[in-house]
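*Asks:* Next one to model:
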Amino acid sequence: MKNLILIACLLLLSEISFAQSAKEYTQKGRELYERNEFMESLLNVNKAIDLDPSYSVAYYLRGNIKDRFDDRHGAMKDYNTAIEKNAKFADAFFARGNVKMKLQDYYGAIADFSSAITLNENYIEAYFNRGKAKQFLQAYEDAINDCSKIIQINPKNVDAYYMRGILRIDFGDVKNGCLDLSKAGELGDLKAYEVIKEKCNQRTQDNDGSY
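*Replies:* Residues are numbered from 1 along each chain as shown. Next comes the predicted model:
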């Protein structure tokens with residue numbers, strides 16, 4: 001009996017050791033990734049996956065590396081695996097949505113960004129990129145709503161004001177679109193003023209002092 005208990009303890013310690021090692025290799029891979037040393041990062045992440053094939057974070061990071069190498073289908077496969085291992089991995093849904101955007105699968109991207117938002121209702125980047133995907137599909141009202149949600153979460157998000165301004169102008173709401181661009185400029189986005197010069201100042205139908 002004592003021998004069985006000892007063996008069980010050794011196996012448990014071994015499993016813990018493997019999990020820790022996988023985590024350490026992944027952390028090392030993350031540090032190398034942040035230094036743009038992608039191949040060394042990849043080698044470390046591969047070791048993590050060899051040690052613990054269930055470690056979703058390692059697949060996610062490897063997907064990021066492959067995406068940097070423009071291996072989009074390879075990245076997609078790793079993100080798929082990360083999500084299979086952890087169905088609540090919001091960042092993996094977001095990253096997979098970004099790859100689908102690059103592959104012009106806008107409906108698929110919207111589905112993934114929506115999953116990320118379901119898991120994290122304040123996921124600003126997911127709202128923003130979902131808005132961009134909707135913009136490609138000319139679903140302007142829905143895209144505007146995503147920008148408005150970002151502004152609700154962070155009233156000083158300059159990118160959301162800029163994109164909502166463009167969307168509103170494209171949707172025909174020139175007055176409010178130009179006001180959004182003005183707010184983006186006020187928050188420091190100089191390119192907003194370039195768009196204002198191009199799209200706002202020559203229009204006179206709303207220049208009645210009603211702002």
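
*Asks:* Which residues does stretch 131-145 contact?
*Replies:* Defining contact as C-beta atoms under 8 Å, 6 or more residues apart in numbering, one finds that stretch 131-145 is touched by 97, 101, 104, 106-107, 109-110, 113, 146-147, 150, 163-164, 167-168, 170-171. Heads up, the C-betas are built off the backbone N, CA and C, glycines and all.

*Asks:* ChimeraX command to pick out the buried ones of those?
*Replies:* ChimeraX command restricting these to the buried ones, with burial defined by 16 or more other C-beta atoms under 10 Å:
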select :97,101,106,109,110,113,146,147,150,163,164,167,168,170
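
*Asks:* Among the contacts of stretch 131-145, which lie within strands?
*Replies:* Secondary structure assignment by DSSP state E places none of these in strands.

*Asks:* which intervals of the chain have sub-threshold pLDDT?
*Replies:* Residues of the chain meeting the criterion pLDDT under 70: 1-20, 203-211.

*Asks:* quick one: contacts for the spatially most central residue of it?
*Replies:* Within the chain, one residue has its C-alpha closest to the average C-alpha position: by C-alpha atoms, centre = their mean, that is residue 94, at 4.1 Å. For residue 94, the contacting residues are 112, 113, 116, 123, 125, 126, 129, taking C-beta under 8 Å, 6+ apart as the criterion.

*Asks:* now do 6 Å
*Replies:* Applying C-beta atoms under 6 Å, 6 or more residues apart in numbering to residue 94 gives the contacts 116, 126.

*Asks:* List the buried residues of the helix or strand hosting it.
*Replies:* Using DSSP states H and E, the element containing residue 94 is helix 90-102. Neighbour counts using 16+ other C-beta under 10 Å place 90, 91, 92, 93, 94, 95, 96, 97, 98, 99, 100, 101 of helix 90-102 among the buried residues.

*Asks:* okay, now residue 87: neighbour count?
*Replies:* A count of nearby residues for residue 87, using other C-beta atoms under 10 Å, gives 12.

*Asks:* Let's see the helix holding residue 94 as CSV, backbone CA atoms only.
*Replies:* Included here for helix 90-102 are C-alpha records, laid out as CSV according to Å, rounded to 0.1, in the frame of the first residue of the first chain:
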residue,chain,number,x,y,z
ALA,A,90,-11.6,35.3,-25.2
ASP,A,91,-8.2,36.3,-26.7
ALA,A,92,-8.1,33.2,-28.8
PHE,A,93,-11.5,34.0,-30.3
PHE,A,94,-10.3,37.6,-30.9
ALA,A,95,-7.1,36.4,-32.6
ARG,A,96,-8.9,33.9,-34.8
GLY,A,97,-11.3,36.7,-35.8
ASN,A,98,-8.4,38.8,-36.9
VAL,A,99,-7.1,36.0,-39.1
LYS,A,100,-10.5,35.5,-40.6
MET,A,101,-10.6,39.3,-41.3
LYS,A,102,-7.3,38.9,-43.2
